[in-house]
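Undergrad: A structural model of the following input is requested.
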Amino acid sequence: MPFTEEQMKQVFDTNIIDFAVSHGFEVEKGDRNTVHVKHSGGLYLFRHGRGYYQFSGEKSGNIIQFAQEYLGAADFKSAVEMILGCRAYEQTGHYVEPVEKKPRGELVLPPKDKDFNRTIAYLTRTRGIDSEIVYAMINQNKVYQAVTQKNGYTFRNCAFVGYDGEGKPRYCALRSPSSDRKFRQDMENSDKTYGFCMEGRSGRVYEFEAPIDAMSHATLCKLYGIDWREDHRVAEGCLSDKALSRYLKSHPEIREIVFCYDNDMEGKDANGQPRNHGQVQAEQSAEAFAKAGYKVFIQTPQTKDFNEDLLTFREMSARSRDGPERAGAEEREAAYP
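TA: Have a look, this model is predicted:
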């Protein structure tokens, strides 16, 4: 054990809310027991300062696990060193004062790394996305490898960028290029109404929660012999349809919407009751846009999301002696008309 008992006491006496705020996280009112971390996808910190809970992933942990999951600490030792670099706080209830919403400032994209090798490997090998699609997004400056420095640490993350009609970046989401890390965060001043978009030529748009799911769906289409460039794809970066609403305003040719939200089969609400968050949102959005005159459909992933569908399909294809052209053709046609 490289740390003394006194040092470990200091670590666990550090209030996780103050620790998160000191590292750039924004918190807002949650409920009587928690505060909500903005731009986090359902991350809540307990007001007593001793831990967190992530609703979308149904995961909880202490401050050391928080440093590893959300601040890129490579291991236990790095996490403890990071926490010890901050001052210790008393373990008391944490009151979050109401904050007047400030006008959104200018989005500054994080610097590009000298190469994108880690991001490309993560998207193509770990996530199974077709390399043609990954390079197409890189060439459009919608995907790149970002490198940032913070508190003496260097972080390399996948950056997914959304632009306005004039080609100005308005949204940027960062995600760790590793299946072992759960770090994900929006850059300050990001506007989620400008989502990650894959522009097409048809009158149909597919709507997703995450950029990786949008690119995974495009890959599945390519594997099925469908031109992935034909249809539009929009990723919100959360459970919403605001980016879709904005995209439709600039693409009046689109009259058909396919909602492709996650299939949260094991999801729960704040009270612990079962709730399939993605499919609830799909039904609500489909109803709203149908009333607006659009032809709407819901395409539910067979697994949790379309990236998991893609990885499952690739695994099945690898096991099949006939290859992806013939493996499970009837199931594919039924699931992806």
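Undergrad: which residues does residue 265 contact?
TA: Counting by CB atoms under 8 Å, 6 or more residues apart in numbering, residue 265 makes contact with 276, 304. In this view, the C-beta of every residue, glycine as well, is placed from N, C-alpha and C.
Undergrad: redo that, cut-off 10 Å
TA: Listed by CB atoms under 10 Å, 6 or more residues apart in numbering, the contact partners of residue 265 are 274, 276, 278, 279, 300, 301, 303, 304.
Undergrad: can you put those in JSON lines and add distance to residue 10 and secondary structure?
TA: Supplementary listing: those in JSON lines, determined by distance: CB to CB, whole Å; DSSP: H, G, I helix; E, B strand; the rest coil:
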{"residue": "274", "distance to residue 10": "40", "secondary structure": "strand"}
{"residue": "276", "distance to residue 10": "42", "secondary structure": "coil"}
{"residue": "278", "distance to residue 10": "41", "secondary structure": "helix"}
{"residue": "279", "distance to residue 10": "45", "secondary structure": "helix"}
{"residue": "300", "distance to residue 10": "48", "secondary structure": "coil"}
{"residue": "301", "distance to residue 10": "44", "secondary structure": "coil"}
{"residue": "303", "distance to residue 10": "43", "secondary structure": "coil"}
{"residue": "304", "distance to residue 10": "39", "secondary structure": "coil"}
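Undergrad: in the sheet, who's paired with residue 171?
TA: Here residue 171 shows beta-bridge partners residue 162, assigned using DSSP bridges.
Undergrad: just checking, it touches residue 189?
TA: Yes: Residue 171 is within contact range of residue 189, at 9.4 Å (criterion: CB atoms under 10 Å).
Undergrad: so those two - more neighbours on which side?
TA: A direct count of neighbours by other CB atoms under 10 Å for residue 171 and residue 189 places residue 171 higher, at 25 against 15.
Undergrad: one step back: give me the common contacts of residue 171 and residue 189.
TA: Taking CB under 10 Å, 6+ apart as the contact rule, the neighbours common to residue 171 and residue 189 are residue 107.
Undergrad: what about residue 9, which SS state?
TA: Per DSSP: H, G, I helix; E, B strand; the rest coil, the local secondary structure of residue 9 is helix.
Undergrad: could you measure from it over to residue 19?
TA: Taken as CB to CB, to the nearest Å, the spacing of residue 9 relative to residue 19 amounts to 15 Å.
Undergrad: which one of those two is surrounded by more residues?
TA: Taking residue 9 and residue 19 together and counting by other CB under 10 Å, residue 19 has the greater number of neighbours (23 against 12).
Undergrad: looks to me like the more buried one is in a helix.
TA: Yes: read with three-state DSSP, residue 19 is one of the residues of a helix.
Undergrad: ok, residue 250 - how many residues close by?
TA: Other residues within reach of residue 250 by the criterion other CB under 10 Å amount to 11.
Undergrad: that one touches residue 165, doesn't it?
TA: Yes: the pair residue 250 / residue 165 is scored as a contact, 5.6 Å apart, by CB under 10 Å.
Undergrad: of the contacts of residue 265, which is the most crowded?
TA: residue 278 (25 neighbours).
Undergrad: what sits against that residue?
TA: So, once contact is read as CB under 10 Å, 6+ apart, residue 278 ends up touching 56, 208-209, 239, 259-265, 267, 298, 300-301, 304-305.
Undergrad: now do whichever helix or strand residue 53 is part of: which elements does it pack against?
TA: For residue 53, the element it lies in under DSSP states H and E is strand 52-54. For strand 52-54, the contact count by 3 or more CB pairs under 10 Å, 6 or more residues apart in numbering; DSSP states H and E identifies helix 16-22, strand 34-37, strand 43-46, strand 59-61, helix 63-70 as packing neighbours.
Undergrad: so which residues of this protein form helices?
TA: 5-12, 16-22, 63-70, 76-84, 117-121, 131-139, 211-223, 242-250, 277-291, 306-319, 329-335 (DSSP state H).
Undergrad: what residues sit buried inside the second one?
TA: Residues 16, 17, 18, 19, 20, 21 are the ones in helix 16-22 that count as buried (16 or more other CB atoms under 10 Å).
Undergrad: these two touch, right, the fifth one and residue 82?
TA: No: between residue 20 and residue 82 there is no contact, the gap being 11.9 Å when judged by CB under 10 Å.
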